[in-house]
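J.: mind folding the following:
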Amino acid sequence: SPTGGGRHAADEVRMSGENRGWVSGAMAKARRWQPFESPSERKAFLLAWGSVAVFAVWYFVFNLWPFDFETEFEYQWRWGVIWDYRGFLLKGAGMTMYIFAWSLVISLTLGVFCGIGRTTEIRWIRVFSTCYVEVFRNIPLLVQMWWAYFGLQELVNVFINEPFGTLVLIPSIFACILGLSLYTGAYMGEVVRSGIRSIPKGQWEASFSTGLSRYQTWQHIILPQALVIVIPPMSSQVLNIIKNSAVAMTIAITDLMFYSQKIEEETFAGFEAYTSGTLLFLLLTMMTVGVIYGGQRVLGLKVRSAT
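T.: Residues are numbered from 1 along each chain as shown. Modelled structure (predicted):
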């Protein structure tokens, strides 16, 4: 009917206006974001890192040394080699971010469910979550990645390939993401558990007294507060995914560390190759930190302590 059509159009206009208001509010928060809490903190940051940058360019690029003495083993820097092999480093950085993206999604999912499982009253879920955390966080990442690559392939050979005459191979990238996700998910689960335990018991009782069910209490009261509390330690675990991905080169993953080693093997410019890889790792982690802080500002999440 005409009346119904007009009402529908009015609802669409109202919803579009609300969406525009949310977007404009988020953009305003992003513009107001200040990375430093005070001008003195900003000056200290610029002075410290500016001095490091000047010294690095002075010595590594122009081969200038502030002390007037000569050594028998003076090293001649060859940064032009890195520019010639820049494609290798970019490919490695792309693979590192691919591993990071998948591992982040899987480990974050495991961490949230495991953290909730460790605080639930259902015994078998609590026992299973506790066993997962205690096993995977106490085994070195390199061992887990090797077992995911070599051990899982042996299991596939015994139970699938040999009985059925097939040839199923475990891709190295799958083993890398699996090992890294299980390892990081155990740490994230412990972080989530500590955030949930920090919520006062009185909030549970107040929620039940107002008629909320246990599921509604989790959804509307406990998890929103706990997840805000665990943002700082969870951010550290997110950055650890990028740094720990360097272990992937041991199972033939062509990541950033792999290509840094390859450049060193082909050019014998080891310092330049690994320094460039290190700077790219630093750039990736700093970009991730910026995204995390920006997301907090846009969503209006104010990080607070458990007290």
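J.: mind checking the end-to-end distance for stretch 152-171?
T.: 11 Å (C-alpha to C-alpha, to the nearest Å).
J.: which stretches of the protein have low pLDDT?
T.: Applying pLDDT under 70 to the predicted model, the residue ranges of the chain that meet it are 1-38, 55-75, 302-307.
J.: same thing but 50
T.: Across the chain, residues meeting the criterion (pLDDT under 50) sit at 1, 5, 13, 69, 305-307.
J.: who's in contact with the most centrally placed residue in it?
T.: In the chain, the C-alpha closest to the average C-alpha coordinate belongs to residue 238, at a distance of 2.5 Å (C-alpha atoms, centre = their mean). Residue 238 makes contact with 104, 288, 292 under the criterion C-beta atoms under 8 Å, 6 or more residues apart in numbering. C-betas here are computed from N, CA, C, even on glycine.
J.: next, the buried residues of the helix or strand where it lies.
T.: Assignment of secondary structure by DSSP states H and E places residue 238 within helix 231-244. Judged by neighbour count using 16 or more other C-beta atoms under 10 Å, the buried positions of helix 231-244 are 231, 233-235, 237-242, 244.
J.: cool, and stretch 248-258?
T.: Within stretch 248-258, the residues that qualify as buried are 248-249, 251, 253-258, counting by 16+ other C-beta under 10 Å.
J.: what's in contact with that stretch?
T.: Here stretch 248-258 makes contact (C-beta under 8 Å, 6+ apart) with 89, 91-93, 95-96, 99, 142, 145-146, 149, 172-173, 175-176, 180, 245-246, 261, 277, 280-281.
J.: quick check on the residues you listed: which are buried?
T.: Judged by neighbour count, with buriedness set by 16+ other C-beta under 10 Å, the buried members of the contacts of stretch 248-258 are 89, 92-93, 95-96, 99, 145-146, 149, 172-173, 175-176, 180, 245-246, 261, 277, 280-281.
J.: thinking again about what came up before, could I get the buried residues of helix 231-244 as CSV with distance to residue 191?
T.: Converted to CSV, the buried residues of helix 231-244 look like this (distance: C-beta to C-beta, whole Å):
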residue, distance to residue 191
231, 10
233, 5
234, 5
235, 10
237, 7
238, 11
239, 13
240, 11
241, 13
242, 17
244, 16
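J.: just those now: which is nearest residue 40?
T.: Compare each of the buried residues of helix 231-244 with residue 40 using C-beta to C-beta and the shortest gap goes to residue 235, at 24.3 Å.
J.: distance of that closest one relative to residue 52?
T.: Counting by C-beta to C-beta, to the nearest Å, the separation of residue 235 from residue 52 is 23 Å.
J.: no further queries at this time; thank you.
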